[in-house]
Every structure is written in C-alpha cells, then in structure tokens.
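[1] return atomic coordinates for the entry below.
(chains A and B)
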Amino acid sequence: MGELRLMKGNEAVAEAAIRAGCDGYFGYPITPQSEVMEYLMAEKPFERTGMVVLQAESEVAAINMLYGGAGTGKMVMTSSSSPGVSLMQEGISYMAGAELPAVIVNVVRGGPGLGTIQPSQADYFQAVKGGGHGDYKMLVLAPASVQEMCDHVKLGFEKAYEYRTPVMILSDGAIGQMMEKVVLFDQIPRRTDDEIIKQCPWASNGRPKTRNHNIITSLDLDPAGQERVNLKLQAKYKVMEQKEVLYEEIQCEDAEYLFVAFGLSARICQKATDLARAKGIKVGLFRPITLFPFPSIEVSNVGNRVKGILVVEMNAGQMIEDVKLSVGCKIKIEHFGRFGGIIPSPDEVVRALEQKIIGG
Amino acid sequence: MEELFAKPEIRKPENIVYKKTDLMVDRPLSYCPGCGHGTAHRMLMEVIEEMDITEKTIGVSPVGCSVLAYDFLNIDMLGAAHGRAPALATAIKRMWPNHFVFTYQGDGDLAAIGTAETIHACNRGENITIIFINNGIYGMTGGQMAPTTLPGMRSSTSPYGRDVPTMGHPLKMTELVAHLPGVYYVTRQSVHTPNNVRKTKKAIRKAFELQKENKGLSFIEIVSNCNSGWKMTPVQSNKWMEENMFPFYQLGDIKVDGKLIEVAR
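    Okay, here's the model as predicted:
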C-alpha cells in the first residue's frame, strides 16, 4: 500500500503528476485550481525527479507548450479552469489532430463567461463533444474523489500514450478544493531520453542519420490525405469506445429508480440514494467514470430494468442527452440541475426524484 | 553544360566546389519563384550541417508561407498553431536543454497573432533561436496588410495604402525585443544579394553557437521580398525592398553580446 496523506484534490493532481514520471507541467493561474502549480513550485520536482514546471504567459501559451513538449515524446500536463480551458480548445484540437499524448485537467467553475469561481459541471459538452474545431474526441475521465484525482493522472498518462491522444480529467471546483484521504502510488521513474526515443519513434526530438525526419503536424492539404487522418482518428475512437469504458454501479441490483451522475454530483447522489432508501424508495446510482467513451451499453442495461431515471448534474442538462441516446424513450428520463456554482443538497435531489420521476 | 557534368571523369568528389546541402529535401519548394524563403531555408540548413548537429536540432515552423517548411528541411520539425511557435520552442528547449531549438516565423505569425508568445519567450531568455522573415505582408493568404506593412503600402486589405491614423503604425518587433534583458543577440539581415546571404548565414551560425553557450535568446530578422504579394517581378521587388523597406527596417546588428548597438534609428 502506498503513502497515505490528507490532501486537496488539486494537490493530489500535482503530486500524482510528479509520481507518474511527468516531464513537464505548463500552466497559468486561475481559480479554483491554482494550487496545482503552487504545489508543484513549492515541491520542486525539478530537484526531486527533474520534472520541468513553468508558469506560462497565458493558457494559450500553456497548451502550445504542451503541444511542443508532447511532440518531442515528453510526458506533459497542464491544468486550468473553465475560461482557461476555453482558451486551450484550439491547442487541444491541434493535439488531437497531430495525435499527441498529454493530460489536461479542467477544474470546472460556473459559466458562461467569467461566470463564478464556484464548482460546476457545465463543461461536459465542451470536454466530451470536442470543444475545439474539427471531428475529434479525447478520453475524458471524471473523478469523484481526491483519490481519483490522483489515480486518474496516472491512468490518464497511460491511456494518452496508448492511444496517442490528449486525455482530459474533468473535475470541478469542489473536488479540486476539498481535502480527503488519498493513498499515493509509488514514484514511477521518469523515462530517460533514450527510452523516450525508443518508446516514441514518431516524435520530433532530433533526427539520427538512420531515419527520415519526423514531422509533428495536424495539416494535410490534400483532401484525400486529410480524410485518411480523420478516418484513422475515428477508428481510434471506436477502439476506445470498445475498450476504455469505466463506470460504477451503486445499489443498482434491486433498483426501481436510477440516478445517473458523474463527479461531484455522483457523490451527492450516493448520499441521496441512502436517504431515499431510508424512505423506502428503491433507487440506485449509475456513475460514468469515463465520459468519453460514454458507458452507453452499461447505462442502458441498468436503465432498462428501472421505472425512471433522474440525471443529476451541476449544469442545465448536458450528460442527459447521452443518457437518453443510450437508454431510449421507453421510460421517463428527467434532469435535475443546479448551476452558477450552487451544489445541490442530497435532500433536494431526493425531492426532485419524488416530484419529477416517482410522482411525475 | 549538362553533358559536362555527366562525364564520370568530371564528377569526382575532388572536383566538387559547391553542392546543395543534404539537409534540404530534394523536392520543389512551395514558394513563389523569386521569394527569399528558399535562400533563408538553405542558409539555416547549411549551418546545421556544418555544425553537424542534425541529431540534436528541433525546428518549429509557423502558419504562413513557411507552414510547410518541415517538408523541405530534412530535420525533425513540429508545425505550430498560428503564432505559437515560441511557446512550443520554450517547452522543447526546457525539456531537451542540450538540443538546438529554433523557430522560423513570418511577420503575421510573429508580430501579430503571436506577439504575446514572442515577447514572453524573449523576456524569459529562452535559449532558442528565432528566425523572423519580414516581408511586410501576409503572403500565403493572398497579400493582406501585416503588422509590418509600411505606411502607404498597398495590400489587399489596405487597397489604398496603409493609412496610419486608422490602421496603425508598422511594428518594429525586432527593436522591441532587443530591449528585453533575456535577449542576447539581435540582428536584421536580408538574403537578396550574395553578400547579404553570407552575412545572414554568419548571423545564423552565431545564434546557434550562442545556444551552445546558453547565452539566452537570439533573434534574427530577415527582411525579405514578396514579389507575388507586392505585385512585382522578383527584380523589381528586391529594388523596392532596398528603396522602401531598408530605410524603415535598417539592416545590421541591433544587440550583440547582450548590449544594444547605439545607432541612429
């Protein structure tokens, strides 16, 4: 068992990056995730493991630093919050197009615009449907605890390299700020330059005389060539849909009703499930852990056994579209959301279940 | 002539006085005939070949006419998003500190959309070389006004000439970054005559030598023609460049060994 610590979600992300063998972090301060870079700068991973930490001049620069580092095969990460992640969308699209591995953490806050610094889940569409231009997806992980903030960094890097894709950790201001016990995994040594060159034969890190030059780009001016690029990406996303789905079922075996929620909302629904069951309502919780690929088959398997589904999100109704596409229209599927930084209480979630699904 | 070269007794290594560097890929350039990009490419590659640093060199190309530079330069390259080359180069150099890292950017890329990345990479004193091709126009998109377009100069988005009161002044990015303490070597050159080509190559060599010594950022502006965008023949465009561009963008060293050169500008 690894080291047990009491940490903030943002700190767990930072410590996990060091321990995962990350080569470089590039970021720009924004609430509610500034602790990530603050922790790194204080922790001096440049002395601990040789990891580079750099405060960029903007989120635009930070994501392009990620592109540069990832394009040479190095393991890189950034973190930001909603407005900053909006600024990164162009760079993420380029990285998806150029097939570059990296981990991008979004500690979501309420929007639109400057919005608020309080937690929200309103960036689901942006993360899952491809927030930038062009047909692309990235693996999206939705941690619901500080432990998962830590674990998803490690998992994110593994999947980023396995699929040569950017991976997003879609968290929120509450998961980022709250303190919980976390079991830290042991330090994984950073790869040596020789190991990187061997592991990433596609990377541009200096051409030896034994090979042709490597080019990192998302550009192909020939339509047939660009279509081939797109087909390759789509094939990759298909494999991810088949192999990378993660989810959790809580008290679903005998459930007559179902909550579907991710991240912080799932934590609230877990309590709401207990409260409802104490009142005699047999409700279960389905929690998607990967938002792309979405656990469509899995949620429909559970959904088809119940009388109604309440999708609980801290937004105006985003993931509910994927739940409806998965389960179909045979049963009642309603949404309950609070936004603008308000975290719903378990009581109001139970009330919403009673009013919108059971009584409705 | 061709028959002469074909004779095996002539084609002997000891008879070769000049050849194209192997670091230029053997394919036609995408640039307009008469454009300075090809010469700038060749000088850059000759320096890398002569220093024998191919295995340790990583280049970053921009968006603009030289967006496809990676197709012509036989070294490892990354194509950046518009204006972001210095951000890429920053991360690359930080994580490969013993490699030689350069960006190759046009004036729209470097002095308009990428101003922030340029200024901050310069100000951090990143140990990289920035090659800045300034032809006073957006060439690839069809000759629109650039931040560097001269007052009164016509372009497709300033068809009656750049009107300074409404369109702003041309931006001397090179003089601007020269004032930043992180920048060690700044020079402005051209590639339109053999003499200037030699000077440009010398400047590139100096910049790469400085990278080896971790001296900070080197910034080389190459004032170049855009005969297509300027709607001139190549010969006319070079003459126009000498008569109009050079008085505003004066050639020569601007900062050497971390010290500004005092000249009337």
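[2] tell me the spacing between B:Ala69 and chain A.
    Note on B:Ala69: its distance to chain A, by Cβ to the nearest Cβ, to the nearest Å, is 10 Å. C-beta: built from backbone N, CA, C; applies to glycine.
[3] which helix or strand contains that residue?
    Counting by DSSP states H and E, the element that carries B:Ala69 is helix B:69-72.
[4] contact partners of that helix?
    Contacts with helix B:69-72, where a contact means Cβ atoms under 8 Å, 6 or more residues apart in numbering or on different chains, come from A:213, A:215, A:217, B:24-25, B:27, B:29-30, B:37, B:41, B:59, B:61-62, B:77-79, B:104.
[5] avg pLDDT for the helix or strand that it is followed by?
    Per DSSP H and E, the first helix or strand lying C-terminal to helix B:69-72 is strand B:76-79. Throughout strand B:76-79, pLDDT has a mean value of 98.
[6] the helix or strand just after strand B:76-79: how far from the chain's middle?
    As assigned by DSSP H and E, the chain's next helix or strand after strand B:76-79 is helix B:85-95. What separates the centre of helix B:85-95 from the centre of its chain is 18 Å, taken as Cα atoms, centre = their mean, to the nearest Å.
[7] go on, stretch A:145-160?
    Counting by Cα atoms, centre = their mean, stretch A:145-160 comes out at 9 Å from the chain centroid.
[8] picking up where we left off before, which PyMOL command selects the buried ones in the contacts of helix B:69-72?
    In PyMOL, this line selects whichever of those come out buried by 16 or more other Cβ atoms under 10 Å in any protein chain shown:
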select buried, (chain A and resi 213+215+217) or (chain B and resi 24+25+29+30+37+41+59+61+62+77+78+79+104)
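[9] in strands, which of the contacts of helix B:69-72 appear?
    Mapping these onto strands (DSSP state E) picks out A:Ile215, B:Gly59, B:Ser61, B:Met77, B:Leu78, B:Gly79, B:Tyr104.
[10] and which of those residues is nearest to B:Asn214?
    Comparing the ones in strands among the contacts of helix B:69-72 against B:Asn214 with Cβ to Cβ places B:Gly59 closest, at 19.1 Å.
[11] burial of residue 156, as a residue count?
    All of this refers to chain A. Using other Cβ atoms under 10 Å in any protein chain shown, A:Gly156 has 27 neighbouring residues.
[12] ah, no, chain B please
    Counted with other Cβ under 10 Å, B:Ser156 comes out at 14.
[13] so it sits against B:Thr149, correct?
    No. B:Ser156 is not in contact with B:Thr149 according to Cβ atoms under 8 Å; the separation is 10.8 Å.
[14] identify the contacts common to the two.
    Here B:Ser156 and B:Thr149 share no contacting residue, scored by Cβ under 8 Å, 6+ apart.
[15] where do the helices sit along the stretch 201-350 of chain A?
    Here the stretch 201-350 of chain A has its helices, by DSSP state H, counting those that start in this stretch, at A:223-243, A:263-278, A:296-303, A:319-327, A:346-352.
[16] deepest-packed of these, please.
    helix A:263-278 (a mean of 22; mean count of other Cβ atoms under 10 Å in any protein chain shown).
[17] now the closest residue to chain B within the stretch 51-200 of chain A, what's its secondary structure?
    Chain B sits closest to A:Gly68 of the stretch 51-200 of chain A, with a gap of 3.1 Å, by Cβ to the nearest Cβ. With DSSP: H, G, I helix; E, B strand; the rest coil as the basis, A:Gly68 sits in helix.
[18] neighbours of it, how many?
    Neighbours of A:Gly68 (other Cβ under 10 Å): 33.
[19] of all the helices of the stretch 201-350 of chain A, which lies closest to B:Leu171?
    Nearest to B:Leu171 among those is helix A:223-243; the distance by Cβ to Cβ comes to 33.9 Å.
[20] could you list the low-pLDDT ranges of chain A?
    A:1, A:360 (pLDDT under 70).
[21] spatially central residue in it, please.
    Centroid-nearest residue in chain A, with Cα atoms, centre = their mean: A:Ile169, separated by 2.3 Å.
[22] outline the domain layout of chain A.
    What automatic domain parsing lists as the domains of chain A is A:3-195, A:247-358.
[23] how about the residues of chain A by chain B?
    Residues of chain A lying near chain B by Cβ under 8 Å from any Cβ of the partner chain: A:23-24, A:26, A:52, A:54, A:56-58, A:60-62, A:64-69, A:71-72, A:74, A:76, A:90-91, A:94, A:98, A:193, A:204-209, A:212-219.
[24] make a ChimeraX selection of whichever of the residues you listed turn out to be buried.
    Applying 16+ other Cβ under 10 Å to these leaves a buried subset, and the ChimeraX line that selects it is:
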select /A:23,24,26,52,54,56,57,58,60,61,62,64,65,66,67,68,69,71,72,74,76,90,91,94,98,193,204,205,206,207,213,214,215,216,217,218,219
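[25] list the contacts for the closest residue to chain B within the stretch 251-360 of chain A?
    Closest residue of the stretch 251-360 of chain A to chain B, Cβ to the nearest Cβ: A:Phe292 (22.9 Å). Residues counted as contacts of A:Phe292 (Cβ under 8 Å, 6+ apart) are A:Ala127, A:Val128, A:Lys137, A:Met138, A:Leu139, A:Val140, A:Met240.
[26] and which of those is nearest to B:Lys12?
    A:Met138 (56.7 Å).
[27] for that closest one, which non-adjacent residue is spatially closest?
    Nearest non-adjacent residue to A:Met138, counting by Cβ to Cβ, 6 or more residues apart in numbering or on different chains: A:Pro166, 4.7 Å away.
[28] what residues are bridge-paired with the residue nearest to the centre of chain A?
    A:Val105, A:Leu141 (DSSP bridges).
[29] and it, what does it touch?
    Listed by Cβ under 8 Å, 6+ apart, the contact set of A:Ile169 reads A:13, A:103-106, A:140-143, A:149, A:152-153, A:156.
[30] tell me the two of those residues that are most distant?
    Within the contacts of A:Ile169, A:Val13 and A:Val140 form the most distant pair, 15.3 Å apart (Cβ to Cβ).
[31] more neighbours: which of those two?
    Shown here are A:Val13 and A:Val140; by other Cβ under 10 Å, A:Val13 has more neighbours (32 against 27).
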